[in-house]
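>>> For reference, the sequence and a predicted model appear below.
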Amino acid sequence: MLPTMIATDVDGTLLDDEERVTERTRAAVRAAVAAGATFVLATGRPPRWIRPVVDALGFAPMSVCANGAVLYDPATDRIVSARTLPVDALQALAEIAEHAIPGVGLAVERVGRSAHDSATPQFVSSPGYEHAWLNPDNTEVSREDLLSAPAVKLLIRKAGARSADMAAELARYLGPEGDITYSTNNGLIEVVPPGISKATGIDEVAAPLGITAADIVAFGDMPNDVPMLRWSGLGVAMGNAHPDAVAAADEVTAPNTEDGLARVLERWWLA
């Protein structure tokens with residue numbers, strides 16, 4: 001298999017544990033692109049967190065963001081498409097989450113026309129929401145305001161909990177309002193529009209180019225990567241991957257700290 005498209009998760013996959021693209025990984029990716037392969041980022045990150053990755057790569061690939069809900073073109077700083085949870089679904093989901101997992105904080109991701117569209121507050125949280133990351137950029141609003149506009153995903157946060165346990169508990173109550181996923185196990189789960197995943201986002205990029213799933217190699221490490229690992233022609237889990245990602249993959253490479261992605265790409269483009 002000589003892949004026509006490379007689709008990769010970002011955190012824990014393309015980046016090492018210091019959030020860097022190593023020289024070896026950068027060289028392998030750029031060799032593939034120079035040979036004609038299409039490279040796509042597929043991440044849970046919102047568009048506003050894509051620029052550091054683009055800068056580290058040295059080029060601006062199309063980016064599937066928010067676990068497939070948003071297609072973003074960093075070369076033109078344009079939101080190409082967005083799939084959203086409508087207000088009624090958000091309100092129902094919030095009630096379900098608060099019932100299923102008492103004490104949770106809620107937040108939503110929204111998008112405008114560009115990565116930092118000042119007309120659209122993008123990461124909006126309920127009062128007292130405790131961020132799961134070290135770089136909080138949320139705007140606190142009332143619960144009513146939080147749920148007053150469509151969002152590309154709902155974030156449900158409980159400090160000290162395990163994401164896997166939260167997802168299992170919420171799944172007991174959740175209907176067709178949305179799909180549960182998570183990319184970290186530190187008490188954060190996300191609900192995206194039903195039927196949306198990284199696989200659907202990648203397909204939105206690939207199909208107009210005449211590229212099918214069989215032509216794609218995908219890399220990932222967490223449960224939010226499972227759909228694309230199963231769907232792609234070759235799904236590769238990182239050596240540091242969650243057991244669900246390993247089970248969904250066709251093979252396992254070295255960890256992100258040991259250039260696992262580069263080791264696979266080098267079979268074709270730097271052999």
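Cool, the structure landed.
>>> ok, A27 - contacts?
Shown in contact with A27 (CB atoms under 8 Å, 6 or more residues apart in numbering): 262, 270. (Glycine included, C-beta is placed from N, CA and C.)
>>> ok, it to G58 distance?
Remark: distance between A27 and G58 (CB to CB, to the nearest Å) = 10 Å.
>>> and if you look at V264?
Taking CB to CB, one finds V264 at 20 Å from G58.
>>> Which one's more surrounded, those two?
V264 (19 against 11; other CB atoms under 10 Å).
>>> Which strand or helix spans the more buried one?
V264 is part of helix 260-269 when elements are defined by DSSP states H and E.
>>> Which positions within stretch 69-85 qualify as buried?
For stretch 69-85, a neighbour-count test (16 or more other CB atoms under 10 Å) marks 69-74, 77, 79, 82-85 as buried.
>>> Counting only helices, which of those make the cut?
Counting by DSSP state H, no part of the buried residues of stretch 69-85 is found in helices.
>>> any chance of these in TSV, with distance to R51 and pLDDT too?
Formatted as TSV, these follow (distance: CB to CB, whole Å; pLDDT from 0 to 100):
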residue	distance to R51	pLDDT
A69	19	98
V70	15	98
L71	16	98
Y72	11	98
D73	12	98
P74	7	98
D77	9	97
I79	14	97
A82	18	97
R83	22	97
T84	23	97
L85	25	97
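>>> any chance of those residues in a markdown table, plus distance to I196?
Converted to a markdown table, the buried residues of stretch 69-85 look like this (distance: CB to CB, whole Å):
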| residue | distance to I196 |
| --- | --- |
| A69 | 5 |
| V70 | 10 |
| L71 | 11 |
| Y72 | 15 |
| D73 | 18 |
| P74 | 20 |
| D77 | 23 |
| I79 | 15 |
| A82 | 10 |
| R83 | 5 |
| T84 | 10 |
| L85 | 9 |
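>>> how about S183, phi and psi?
Backbone torsions for S183, taken as degrees, to the nearest 10, come to phi -120, psi 10.
>>> quick one: contacts for it?
11, 44, 67, 190, 222-224.
>>> Recalculate using a threshold of 6 Å.
Counting by CB atoms under 6 Å, 6 or more residues apart in numbering, S183 touches 44, 222, 224.
>>> Leaving out sequence neighbours, find the closest residue to the second one.
By that I understand M222. Nearest residue to M222 in three dimensions, chain neighbours excluded: S183, at 4.6 Å (CB to CB, 6 or more residues apart in numbering).
>>> Next: the first one.
By the measure of CB to CB, 6+ apart, the closest residue to G44 outside its immediate chain neighbours is S183, 4.4 Å from it.
>>> List of residues touching the worst-scoring helix or strand of the chain on mean pLDDT?
Scoring the helices and strands of the chain by mean pLDDT, DSSP states H and E places strand 139-140 at the bottom, with a mean of 88. Counting contacts by CB under 6 Å, 6+ apart, the residues outside strand 139-140 that touch it are 121, 124-125, 127.
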